[in-house]
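Student: the sequence and its predicted three-dimensional model are supplied below.
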Amino acid sequence: GVVIDVSGTDGQALQASQTLQGGGSTILVRGARSGVVLPFTAPGARPTLFADGAPGLNQTGVVTVASSTHVVGLNIGGVGGFVFGNHGIRGNDGLSNVVIERNTISNMGDGGITFGNANSHVTVSGNTIVNLPREGVEFLNDNRNVTVSGNTFLNVFQGVVVFNDNRNVTVSGNSFSTGQQGVVFFDDNSGVTVSGNFIANTTSDGVSIFDGNNNVTVSGNTIVNSGDQGVSFSDNNSNVTVSGNIITDIFFDGVFFNANNTNLTLSDNTFTMIGDDVFQFGAPGNTLLPGSTGNVVTDAPGGAICNGAGNFIGTLEVTDQNGVLQVFVNSAGCN
């Protein structure tokens, strides 16, 4: 396919209600008068848009989106290394109804797909994001109703990063391999769902949830070979469910909570080859709801099922590697 070099420019900037579609890709279109929905396949071959990170691309992208835009079926590339502002696809502030799907983004000098503040109804799905020194997908602050699903991340520093005060963000069905962290949520987000992802070979946590997040679900993920924790929560998170995850080959703890995390439900997780504690409560103030049952550890070379005496209130059930049900009440008996 054709290669379009946008180096030294502001890239391809979309206007509101435009679609940028690569050759050979198919989208659904609706007739303006008939209302009939039919598939449309763009003619030609899949194009490549390229930028070397020249100053003209600072804080724009190879493609920059607007409200009610759709970007599909493109190859987007850079020259690798670290070049500030050399983004693949960029959304700035205050946008709504944006869909980015089935693109390949590789070797950018900065983020793959980056959004700023106060955007809403954004979908990022089915993209392949490879070889980035920064975030694969990033949302800054005060975004709403965001879905990141079915993407593949390979050799990306941090897969999906969500900063502060965002609402209703779902990260589901993605594959992450080789990077520092798979999924990161910073502070004071609400309506967080991390589900059905495969996360492997991270140098730090598979999933990191920092401070003050509310209504958080981490479920049905497979997390393999993390260099720190499988799933980590810092302080003051509330209404948290961690359930149905498979967590294996973790350097430190399977699931870690620091201080004052409340209304926790920890159920039906399976742990194998956990280097330290299956569950670690690092500081006081953590409270468990009824229903923290069905957890199974089949191999914990570190020898501990949970830790932090006095650091949680409630009842936690874990079947140990010998098939014996262990019941921990108000953290008494953790070993």
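Tutor: Nice, thanks for sending it over.
Student: quick one, phi/psi of residue 127?
Tutor: phi -90, psi 160 (degrees, to the nearest 10).
Student: list the contacts of it.
Tutor: Taking Cβ atoms under 8 Å, 6 or more residues apart in numbering, we find residue 127 in contact with 100, 101, 102, 103, 104, 105, 112, 113, 151, 152. Bear in mind the C-beta positions are built from the backbone N, C-alpha and C, glycine included.
Student: same deal with residue 99?
Tutor: Applying Cβ under 8 Å, 6+ apart, the residues near residue 99 are 69, 70, 71, 72, 122, 123, 125.
Student: just those residues now: which is nearest residue 62?
Tutor: Of all those, residue 71 has the smallest distance to residue 62: 10.3 Å, by Cβ to Cβ.
Student: surely the closest one meets residue 103?
Tutor: Yes. The criterion here is Cβ atoms under 8 Å, and residue 71 meets it with residue 103 at 6.4 Å.
Student: and for these two, which residues touch both?
Tutor: Taking Cβ under 8 Å, 6+ apart as the contact rule, residue 71 and residue 103 both touch residue 89.
Student: any idea how far residue 232 is from residue 12?
Tutor: Distance, residue 232 to residue 12, by Cβ to Cβ, to the nearest Å: 38 Å.
Student: neighbour count winner among the two?
Tutor: Per other Cβ atoms under 10 Å, whichever of residue 232 and residue 12 has more neighbours is residue 232, with 24 against 20.
Student: next one: that one, what pLDDT does it get?
Tutor: Per-residue confidence (pLDDT) for residue 232: 98.
Student: partners of the residue lying closest to residue 214 once chain neighbours are set aside in the sheet?
Tutor: Excluding the flanking residues, the one nearest residue 214 by Cβ to Cβ, 6 or more residues apart in numbering is residue 190, at 4.6 Å. Using DSSP bridges, the beta-bridge partners of residue 190 come out as residue 167, residue 214.
Student: list the contacts of residue 190.
Tutor: Here residue 190 is in contact with 166, 167, 168, 213, 214, 215 (Cβ under 8 Å, 6+ apart).
Student: could you report the neighbour count for the fifth one?
Tutor: This means residue 214. Neighbours around residue 214, by other Cβ under 10 Å: 17.
Student: residues touching it, list them.
Tutor: Per Cβ under 8 Å, 6+ apart, neighbours of residue 214: 189, 190, 191, 237, 238, 239.
Student: between these, which is closest to residue 320?
Tutor: For these, the nearest to residue 320 is residue 237 (26.8 Å; Cβ to Cβ).
Student: state the pLDDT value of that closest one.
Tutor: We have a pLDDT of 98 for residue 237.
Student: kindly report the same for residue 7.
Tutor: On pLDDT, residue 7 comes in at 78.
Student: do the same with residue 212
Tutor: Residue 212 carries a pLDDT value of 98.
Student: how about it: what's its closest non-neighbour residue?
Tutor: Counting by Cβ to Cβ, 6+ apart, residue 188 is the residue found nearest to residue 212 once chain neighbours are left out, at 4.4 Å.
Student: distance of the one you found relative to residue 207?
Tutor: For residue 188 relative to residue 207 (Cβ to Cβ), the value is 17 Å.
Student: so between the two, which is more surrounded?
Tutor: residue 207 (30 against 17).
Student: just checking, the more buried one touches residue 218?
Tutor: Yes. At 5.9 Å, residue 207 and residue 218 qualify as touching, with contact defined as Cβ under 8 Å.
Student: shared neighbours of these two, anything?
Tutor: Common neighbours of residue 207 and residue 218 (Cβ under 8 Å, 6+ apart) are 194, 231.
Student: quick one: residue 88 is in a helix?
Tutor: No. Counting by DSSP: H, G, I helix; E, B strand; the rest coil, residue 88 falls outside a helix, being strand.
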